[in-house]
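[1] Here's my sequence, what's the structure:
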Amino acid sequence: MKLGVFISLNDRVLEKMRELKSCGFETCMLSAWDQSKYTPEYEELVRGAMADTGVQISAVWAGWQGGPGIWDFIHGPSTLGMVPPAYRQKRSEQFLKGAEFAHHIGVTDVITHVGFMPENPYDPDYIGTVSMLKYICGILKERGQYFLFETGQETPVVLLRAIEDIGTGNVGINLDTANLILYGKANPVDALDVFGKYVRNTHIKDGFYPTDGRKLGREAPIGEGKVDFPALIRRFREIGYNGPLTFEREISGPQQMADIMKAKAYMEALLNA
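    The predicted structure is shown next:
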């Protein structure tokens, strides 16, 4: 399992990938929320950065713009991702632009937060979202690409059912180890019993369960939250996962990289144990 870091698509991509290389990372995941950067110029920049550094991009995280996006339990279900009908078509089109950008830079896996998919499979929002995702995944399949759900807003069973209902064979999961906890949906180790065979990438992150019915739980440095990383690595090996372990730390400034480097040493010790 190769170690990587979640980085942003911006003018500093080459600089950032050189930094990752100097720190001993072999992979990264590219986060792209700004639609204006899906251009031939940025494609050339990213391809050049990969050639310069040898750092491989394991996936593109394709975000969306337009309409509100409120990351909580009260307004999140009606504002996040492709589930809300008011934003579903526009955000799906934006995702497809991100997937096309990924294809042009040679990346097969494209990730996003779909949103709070309803537990009830007969809910119109569940049916409509699955229908849209079938359409999206059909386009990706023609290019040899995979659509990956970012975990967090769905329970593991709902996520499994959605993958089965989409049924195109090119749907997987980006397991964010903290998100399942932050959203109060599951323990990430146990969740692998439900959907482990679909995991193609990860966000290695830590945090705490919610203690407020309106707000998500709190992210924490790796090793300081509720994720049982020794058990997670053992379970990854049991199910045959050998993909990237991509560190994400949702803070900014020098402390972000300091925490990532501590996490790298911690994870290397687990992998070498």
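[2] Just read off the phi/psi values of G48.
    Recorded main-chain torsions at G48 are phi -70, psi -40, according to degrees, to the nearest 10.
[3] Quick check: the gap between it and L14.
    According to C-beta to C-beta, to the nearest Å, G48 stands 7 Å off from L14. Where C-beta positions appear, they are placed from N, C-alpha and C, glycine not excepted.
[4] do the same with A86
    As judged by C-beta to C-beta, A86 and L14 stand 38 Å apart.
[5] Looking at these two, which is more packed in?
    Between A86 and L14, counted using other C-beta atoms under 10 Å, the more crowded position is L14 (15 against 12).
[6] count of neighbours near the residue lying closest to K226 once chain neighbours are set aside?
    The shortest distance from K226 to any non-neighbouring residue, by C-beta to C-beta, 6 or more residues apart in numbering, is to I181 (5.2 Å). Using other C-beta under 10 Å, I181 has 27 other residues around it.
[7] Quick check, pLDDT for A273.
    At A273, the model reports a pLDDT of 84.
[8] Next: Y183.
    So, for Y183, pLDDT stands at 98.
[9] Isn't it up against K215?
    No: counting by C-beta atoms under 8 Å, Y183 does not reach K215; the two are 10.7 Å apart.
[10] which one of those two has more residues nearby?
    Taking neighbours as other C-beta under 10 Å, Y183 and K215 compare with Y183 leading, 23 against 13.
[11] For that one, give me phi and psi.
    As for Y183, its main-chain torsions (degrees, to the nearest 10) stand at phi -90, psi 0.
[12] before we move on, what about K262?
    According to degrees, to the nearest 10, K262 has phi -60, psi -40.
[13] buried residues in stretch 141-154?
    Q145, Y146, F147, L148, F149, E150, T151, G152, Q153, E154 (16 or more other C-beta atoms under 10 Å).
[14] What residues does E250 make contact with?
    Neighbour list for E250: K205, E219 [criterion: C-beta atoms under 8 Å, 6 or more residues apart in numbering].
[15] Could you rerun that using 6 Å?
    Listed by C-beta atoms under 6 Å, 6 or more residues apart in numbering, the contact partners of E250 are E219.
[16] That one falls within a helix, correct?
    No: assigned with DSSP: H, G, I helix; E, B strand; the rest coil, E250 falls outside any helix and is coil.
[17] rewinding a little: which members of the buried residues of stretch 141-154 are positioned in strands?
    Applying DSSP state E to the buried residues of stretch 141-154, the entries found in strands are Y146, F147, L148, F149, E150.
[18] Tabulate those (CSV), appending pLDDT and distance to D109.
    Shown next, in CSV, are these (pLDDT from 0 to 100; distance: C-beta to C-beta, whole Å):
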residue, pLDDT, distance to D109
Y146, 98, 5
F147, 98, 8
L148, 98, 6
F149, 98, 11
E150, 98, 11
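[19] Check these and tell me the two furthest apart.
    Farthest-apart pair in these is Y146 and E150; separation 13.0 Å (C-beta to C-beta).
[20] quick check, distance from stretch 23-42 to the centre of its chain.
    13 Å (C-alpha atoms, centre = their mean, to the nearest Å).
[21] What segments of the stretch 151-273 of the chain are helices?
    Secondary structure of the stretch 151-273 of the chain by DSSP state H, counting those that start in this stretch: the helices cover 156-166, 179-182, 188-195, 229-239, 254-272.
[22] what angle sits between the host helix or strand of S58 and strand 146-150?
    Assigned by DSSP states H and E, S58 belongs to strand 56-62. Comparing the axes of strand 56-62 and strand 146-150 via axes from the mean of the first three to the mean of the last three C-alpha atoms, to 10 degrees yields an angle of 70 degrees.
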